[in-house]
Structures are given as structure tokens and as C-alpha cells.
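>>> just to be clear, the model below is a prediction. Sequence and coordinates:
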Amino acid sequence: MEGKVDAAYRRRVDNILRDASQVDRYVGELARPVELPPDICVKISGLTKEFNMGDRSIAAIAGLDLEVKDGEFLCIVGPSGCGKTTLIRTIAGLERQTSGTIWVKQPANGRPLTAMVFQTDSIFPWMTVEDNVGYGLRMQGVKKAQRDAKVQSLLRVTGLEKFGKSYPHQLSGGMRQRVNVARAFAADPEILLMDEPFGLLDEQNRMILQRELMEIWRGSRKTTLFITHSVDEAILLGDRILVMTAHPGRVKEIIDIDIPRPRDLIALRGDPKFISLYKQVWELLSEEVLRSRAQEVPRS
Amino acid sequence: MSGSNRGNKDTVSLEHRKGSETEQLLRSENLRRIDAKCGSGREAIVIEPPPGRGEAAWGRRFFTRTVAFLSPSLLLVIWEVLARWGVIDARLFSSPSRILGTFLPLLRSGELLSHIAISLQRIVLGFLAGAVPGVIPGLSMGLFAPLRAWLMPLVSSTFPIPKLAIMPLILIVFGLGEASKVFTIGIGVFYLVLINSMTGVLSIEPIYLDVAKAFGASKKDFYLTVAIPGSLPMIFAGLKLGMGTALLLIVAAEMSAAQAGVGWMVWRAYDMFDIERMFSALLTLAILGYLLATLLEVIERKVIPWKEK
């Protein structure tokens, strides 16, 4: 068991050491001249990702095709284990696909391709809130003086300006997740990837953070892929909702959310449009959840 | 059959628990049963804060501190009394008053201080000689699997050899001078720091590696912003263990081929059967150990300000 963990850990360190720069790698993959349509930010074709489990391999994603529009907020829902996380980790370069191709719009003037908000507590305990928020910029080689202005403005937006010099262990769980979101926005990536960023928060904090996220996002209109298990959240935040099939993951359906912004969850709950969308998404989703339950087998 | 048995058991344990809880409630001061006061004739249980809560906390703290001081003092008093009454042989085990009577003049004359200076120099040099080369290969072994594959068998096979057992070898290689003492301490510290630094890197949460990669960290960035700070707490744990070992080894190292030092004092006094002097040296070692451990903790607080208390 320990050896296994060790090996997995080794692979991850090796990956980091090998791909010194994420952008370089993508330039390599983009070497084939492909013209993306002007309104498309990410194009995924035939994406398959298999994981080796001992002597057999298990497909997390099998032949997924997707086009993400430039500047859209795409919410991803699907039964657990359907490969949602694998999908965005592959776009982030944290996993490598087994086959299939991802084309991504070339970021302008040295901006990073992606930044990710992780579900679990992932801000560095050894850095102050400021240094955590400025981490992406620092990795891009932005000098401290230039980082500061951006970091301070994001701390203001997320209501953390008084905590810039604090260490994470001095913050509550909700505040730490705000730092997590601020860190991704500060990096100013072409694509923002969010893996159930509010999944572990209590409801009050989640609602406040959803509102804050919407405010920051409306200011930048960044292409965003947002995984959630909450249909409410998906309708509240998304321009479109991607419903994934049960394992192995594919696109089941994409639903447009034609509710004008700014949206308010309390008002939405009484809106007949919301209720019919909720029903539509939930029916698609529950089919897949049931299918995924039928696949369950006792572990050997 | 078994079902009914279990049922019985449950009932019994439930009743038992209920009984004891009620007992506790009745016994606790903050709950009082009032009958008449309610007017309506229904009984009410009043829940009030216990009287003088702040005082109680203060009292507990005071008690803990007093006891922390009292328990060793009491032991010294018992030792003194037993020695005076002749229950224990004062020629062999001395007594606190006699030891202090030797310790203070030794301290005042400066003799003890010169021994401390010599031992301290050996400890510090040996500690540095072990810790500095221990951290870097330790971190590297944590980061690079091939290096770990090459070196780990060597480390695992040589680490268990008691450092005292290789002292003769060290004397052959380094001679009778200072180098052999510094090396003895250094080798003891080296292994502990090496193994802890390696474990430190290996125990960094994998999520932080993902973060570094997701934000495009270069190799150098990865070392400086994740690997080193992430393993610092474990490195410090290794340094603290190393300091304990350094004190252990100084006594052994000064046992052979030394003319000065606190460890040497212990053995010299034992040879001369000067028991008070021997105890004075032991007392010095205890104080020295405490001060060095405190120093490391102060440094740790400065270097790792994010560590939760």
C-alpha cells in the first residue's frame, strides 16, 4: 500500500519536473496548425482517458467531444465517478489523455492557459494569504511590485483585505476557499477550471461565495468550466449545463440556460423557467445516476 | 435466543447509562430541582452556569504550574532527607545539598564554564557537520526516485549500527583530536536529519504538487515554493531529535581520548570517585540540553511561522 502511494507520488513529482512549463507543452500540442472558430475557446475531440488499475485499464472518459464557447460559463454535472474531474484535470495538464485531442485558444501576451480552483483545501499553509493569491503571477515571473496591485484588488473583492498577512491556519474554511478562488482569478488565465469549489462549504458560505464569484466573473467574462453536484448551483451560475453520462464519461446533453443575469437564487426558485430547467436537468441526471448505480459491483 | 439476550443487554446498558447520567446531573452543582417556584405546579430543571468559572480555570492553571515545580522539588527533599538519615549511602549517591556545594564553586571558579565551552563547541560543530549535509541529500532523496533507489539501501543498512560501536573506527580514521569527537556527533545527527528530510518531502500532500503544476511552476519554483517549505516541519523534527542524540554522543565521545569537556568531567569524576563532581557535570548536561532544545524551538518559531501551535 505504502509502496503504491509512493509510486503515485513519484509520478506526480516527475511530471512536474519534466513539464517545467505548462505553456511550452501546449505549444507543442498546438504545433499542428488548427484554426479554431472565432467563438470557440476549447475544442475537444474523441477524448479518452484510461487509468491503469493493476493488470487492467479502466476508462474514465471514452470518446468525449465538446466545444466550449469563448467567454462562457459552462457548468458540468454528472454522477460521481463519471470523469468530470478527469476532464478538467486533463485540460489543466494535470493528467494526460490516452487518446483524442484538445485544442485551446492561444492565450494572448504570455497569460497562462488555465488556472484551477480545487475542491479540497489546497492553499499553501506556509504562505500568507497575499502570497497564496499572488502565486500564479509569481510563477509567471511577475515581479512583486506589479503583483501587489492585482493581489490587493482581489483581496478587496473577496473581502479578505484585512487578512493579507495572515496564514491559512488562522482563517475559517470559507475564507480559505475564497483565497483559493482569488488565487485562480489573480493568475488571469485564458480558461478558469473549477472543481466543485464550494462543495465542502456550508450552505450560508456557499451562497455568499456564489454571489461573489458571479461578481468577479461578470467583470472578466472568462471562459469557465465549473463542476458541481448541485443542479441549483449549475442553473444559477451557468450559461450552459453539460450533463455527462455515467462512467465512462461522455457528453449526454448540453442545456442552454436562457435566464438573464444577474440572477438571484431566491428569486429564481419561484421562476417557472427555473423549475422547468431544474426538472429537465434532474431527469437527465437521475437517469445517469441510476445507470451508474446499476454498474456498481462489490469490490474484490 | 441470542436476539432476546441482546435485547436484554441493551436495556440493561441503557438503564445503566440513564442511571449514571441522572446521578451526574443531580450531583453537579449547576442543576437544581425546583418544585414550588414555578407556580403552575410543574417541575422545572434550571440550567445555570457553574459559579466562578473563570476562577476555576485560573485555579487549574495555578495547580498545574505549582505541581510542575513541586514534584521535582519534593523528590529532591526526599533525596536529601534519606541521605541525612543515612537510609541511602551519601558516599555513593550524595545529596542535593552536597552537590550544590560542589556545583556552585565549580561554576564560580570558571572551571565548569571552560568545560561547557569545549563541549558546546564540539556539539555545535558536530551538529552542523551532521545537519547541513543531512538536509540536502535528504531532500534530494525525497524528490528523485532513482537517487532514493541508489542510496536508501546504504542508509537502511548503516543507520542501525550503533554510533558507539563505530567509535574505535572513528578514532583510527580521525585520530585522538577534536575531529573524532565532531565526527561522532556529526554521524549521529546526519542520519536523523537525512531520514526526516526525505520523509518530509514524501509526506507533502499531493494536492500541493497539483497546485504547483496547475499554476505552471518551474523546477526551481517547485523546490523553493513547495518542496522545501513543505518539508521544513519534518526537517525541524529531525534537528530536534539530532540535538538529543548530540548530547548523548558528546558524553560517549569524551569518554575516550579527551582532556576536557562536560562528558569528560563525568568519567573523570567517576574515576576519582568524586561523586559530587560527577553529579555537577550531570546537572550541567541537563541544563545544557534544556537550553539547546529551547534555542531550537525559538528558531523553529521564527523559521516556520505558519506552524499551528
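Nice, I can see it. Numbers count the residues shown, from 1 in each chain, chains lettered A, B, ... in the order given.
>>> now the helices for the stretch 101-250 of chain A?
In the stretch 101-250 of chain A, the helices defined using DSSP state H, counting those that start in this stretch lie at A:129-133, A:135-139, A:144-157, A:173-186, A:203-220, A:231-237.
>>> average pLDDT for the third one?
So that's helix A:144-157. In this model, helix A:144-157 carries a mean pLDDT of 90.
>>> sec struct for residue B:86, please.
At residue B:86, secondary structure determined by DSSP: H, G, I helix; E, B strand; the rest coil is coil.
>>> and for residue A:184, the neighbour number?
Residues within reach of residue A:184, counting by other C-beta atoms under 10 Å in any protein chain shown, total 27. Backbone N, C-alpha and C define where each C-beta goes, glycine included.
>>> what residue in the stretch 51-200 of chain B comes nearest to chain A?
Across the stretch 51-200 of chain B, the shortest distance to chain A (C-beta to the nearest C-beta) belongs to residue B:145, at 4.6 Å.
>>> which stretches of chain B form strands?
Taking DSSP state E as the criterion, chain B contains strands spanning B:31-34, B:44-47.
>>> now for the last one, which elements pack on it?
The helices and strands touching strand B:44-47, judged by 3 or more C-beta pairs under 8 Å, 6 or more residues apart in numbering or on different chains; DSSP states H and E, are strand B:31-34.
>>> could you give the mean pLDDT of the strand it packs on?
Averaged across strand B:31-34, pLDDT comes to 48.
>>> tell me where chain A has strands.
A:40-53, A:56-69, A:73-77, A:99-104, A:114-117, A:191-195, A:223-227, A:240-244, A:251-256.
>>> possible to save these as TSV with distance to residue B:244?
Converted to TSV, these look like this (distance: least, C-beta to C-beta, whole Å):
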stretch	distance to residue B:244
strand A:40-53	44
strand A:56-69	48
strand A:73-77	53
strand A:99-104	54
strand A:114-117	43
strand A:191-195	44
strand A:223-227	49
strand A:240-244	55
strand A:251-256	60
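>>> next, count neighbours for residue B:100.
For residue B:100, using other C-beta under 10 Å, the count is 15.
>>> and if you look at residue B:174?
Residues lying near residue B:174 (other C-beta under 10 Å) number 15.
>>> how about residue A:106?
13.
>>> so who does residue B:256 touch?
Neighbouring residues of residue B:256 by C-beta atoms under 8 Å, 6 or more residues apart in numbering or on different chains: B:167, B:171.
>>> how much space between it and residue B:248?
Look at residue B:256 and residue B:248: by C-beta to C-beta, to the nearest Å, they are 15 Å apart.
>>> touching, residue B:228 and residue B:136? I think so.
No. Checked against C-beta atoms under 8 Å, the pair residue B:228 and residue B:136 is beyond contact range at 10.5 Å.
>>> quick one: which of these two has more around it?
Taking neighbours as other C-beta under 10 Å, residue B:228 and residue B:136 compare with residue B:228 leading, 17 against 12.
>>> spit out the contact partners of that one.
By C-beta under 8 Å, 6+ apart, the neighbours of residue B:228 are residue B:139.
>>> which stretches of the chain have low pLDDT?
Defaulting to chain A. Low-confidence segments of chain A (pLDDT under 70): A:1-34, A:299-300.
>>> try chain B instead
Within chain B, the ranges that satisfy pLDDT under 70 run B:1-42, B:52-54, B:309.
>>> and residue A:293, how far is that from residue A:229?
Taken as C-beta to C-beta, the span from residue A:293 to residue A:229 is 15 Å.
>>> which one's more surrounded, the two?
residue A:229 (14 against 10).
>>> hmm, residue A:81 and that one touching each other?
No. Here residue A:229 does not reach residue A:81: they are 11.8 Å apart, not a contact under C-beta under 8 Å.
>>> how about stretch A:115-125: buried residues?
Judged by neighbour count (16 or more other C-beta atoms under 10 Å in any protein chain shown), stretch A:115-125 contains these buried residues: A:115, A:116, A:117, A:118, A:119, A:122, A:123, A:124, A:125.
>>> again with stretch A:152-170
A:152, A:154, A:155, A:157, A:158, A:160, A:163, A:164, A:166, A:167, A:168.
>>> among those residues, which one sits closest to chain B?
The nearest one, if we look at the buried residues of stretch A:152-170 relative to chain B and count by C-beta to the nearest C-beta, is residue A:167, at 4.3 Å.
>>> burial count for the residue of the stretch 101-250 of chain B found nearest chain A?
Here the stretch 101-250 of chain B gets closest to chain A at one residue, residue B:229, 3.9 Å apart by C-beta to the nearest C-beta. Close neighbours of residue B:229, defined as other C-beta under 10 Å, add up to 19.
>>> how much space is there between it and residue A:177?
In this view, residue B:229 and residue A:177 are 21 Å apart by C-beta to C-beta.
>>> please apply the same query to residue A:244.
Taking C-beta to C-beta, one finds residue A:244 at 24 Å from residue A:177.
>>> residue A:35 too?
For residue A:35 relative to residue A:177 (C-beta to C-beta), the value is 39 Å.
>>> more crowded one of the two?
Between residue A:35 and residue A:177, residue A:177 has the larger neighbour count (other C-beta under 10 Å), namely 27 against 7.
>>> pretty sure the more buried one sits against residue A:209.
Yes. Here residue A:177 reaches residue A:209: they are 6.7 Å apart, a contact under C-beta under 8 Å.
>>> still on that earlier bit, farthest pair in the buried residues of stretch A:152-170?
For these, the maximum inter-member distance is 21.0 Å, found between A:157 and A:167 (C-beta to C-beta).
>>> for residue A:96, which non-adjacent residue is spatially closest?
Leaving out its chain neighbours, the residue that sits closest to residue A:96 by C-beta to C-beta, 6 or more residues apart in numbering or on different chains is residue A:90, at 7.2 Å.
>>> please apply the same query to residue B:102.
The spatial neighbour of residue B:102 that comes closest, neighbours along the chain excluded (C-beta to C-beta, 6+ apart), is residue B:276 at 3.7 Å.
>>> circling back: the residue of the stretch 51-200 of chain B closest to chain A - how many residues pack around it?
As a burial measure, residue B:145 scores 16 neighbours (other C-beta under 10 Å).
>>> list the residues that contact the residue of the stretch 101-250 of chain B closest to chain A.
A:124, A:126, A:127.
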